[in-house]
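Peer 1: okay, here's the prediction I keep looking at, along with the sequence it came from:
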Amino acid sequence: MPELPEIEVLCKYINRSLRGIPVESVIVKQPKCTNLSQREWNRILKGASIVKSYPQGKWAISATDNEHLLLFNLGMGCDLLLVPQEKLEERKYQFAFLFENDKALRFSFSWFGNVHLVRESDFEGYPPTSKLGRHAYGKEFTLEKFKDLLQGRKGAVKQFLLNQKNIAGIGNAYIHDILFLAKLHPFRAIPTLTEREIEALHKAIVDIFSKSVKLGGAFWEYNIHGRKGRYDAGCLLIGYREGKPCPVCGTSVKKIKTGPTSGFICPKCQKLK
């Protein structure tokens, strides 16, 4: 499932490859993945161009030159490729943008993906994105703002970080190593965190995501040009490494149940306080 680093990378490549190129047409093969009919998509978007793309958590947002926003959520996975139009039908897909440079952006969703179009003026209250929390990356994700988010919160730190209404973009692929770097147990109660631990947690989020973005995202995801990310299994510290030695102390990594999801911890480095 694509998370924040993969969406950061997606937006970078959309900006690099598609900005300023007019849309020729839109193809909707699976109506349930979008909020408009194919006819409406083409009425609104034909001839319009993307002027910039930016991430908001696990959503990619592309602003157009006719005051609309394209909202992409890749769900549990999506082969999202920029291909020559003559190769569009080479594999099954649910949605596609065709551009006037004879390229097509083809969405082949695995599960739960969405492509929406909204007016810029309606975006603030648009249900799928209106309740997203602060984007967990970039200049706006400062330590002070992170501290403010934690102020007065209750519950376990892992549960808080995975809730997209609190912070947008963190998922199960990266959460284990984030908590490990911060030396925090997934069940650690937020009110018990010290100033130093909050600083360590913020730094862990920034460091993990910065490394993944620099490497083009996770190795199980592809960019729009079909190239895999280079954040591979060797980059993982303890996530999905049950039974392997902790890179700090050598203790065997343990898999534990953390509500609806599993967690991976070092029992020695991440003691529950």
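Peer 2: That came in fine, so what should we check first?
Peer 1: show the model's pLDDT score for the nearest residue to Leu71 once chain neighbours are set aside.
Peer 2: In space, Leu71 comes closest to His116 once its chain neighbours are excluded; the distance is 4.2 Å by C-beta to C-beta, 6 or more residues apart in numbering. C-betas here are computed from N, CA, C, even on glycine. Predicted confidence (pLDDT) at His116: the value is 98.
Peer 1: is it true that His116 touches Ser62?
Peer 2: No. Counting by C-beta atoms under 8 Å, His116 sits too far from Ser62 to count as a contact (11.0 Å).
Peer 1: who's in contact with the residue nearest to Leu71?
Peer 2: Remark: with contacts taken as C-beta atoms under 8 Å, 6 or more residues apart in numbering, His116 is in contact with Thr34, Asn35, Leu36, Leu70, Leu71, Tyr126, Pro128.
Peer 1: pull the longest helix from this protein.
Peer 2: helix 195-214 (DSSP state H).
Peer 1: what does that one rub up against?
Peer 2: Looking at what lies outside helix 195-214 - C-beta under 8 Å, 6+ apart - the contacts are 4-5, 8-9, 136-137, 141, 143, 146-147, 150, 157, 169-170, 174, 177-184, 193, 218, 229, 231, 235.
Peer 1: which ones among the residues you listed map onto helices?
Peer 2: Restricting the contacts of helix 195-214 to those inside helices, with DSSP H as the criterion, leaves 4-5, 8-9, 143, 146-147, 150, 157, 174, 177-181.
Peer 1: nearest to Ile21, of those?
Peer 2: Each of these was scored against Ile21 by C-beta to C-beta, and Val9 proved nearest at 19.4 Å.
Peer 1: and the residue lying closest to the closest one once chain neighbours are set aside, how many neighbours does it have?
Peer 2: By the measure of C-beta to C-beta, 6+ apart, the closest residue to Val9 outside its immediate chain neighbours is Gly217, 4.5 Å from it. Residues near Gly217, counting by other C-beta atoms under 10 Å, number 26.
Peer 1: many thanks, we can stop here.
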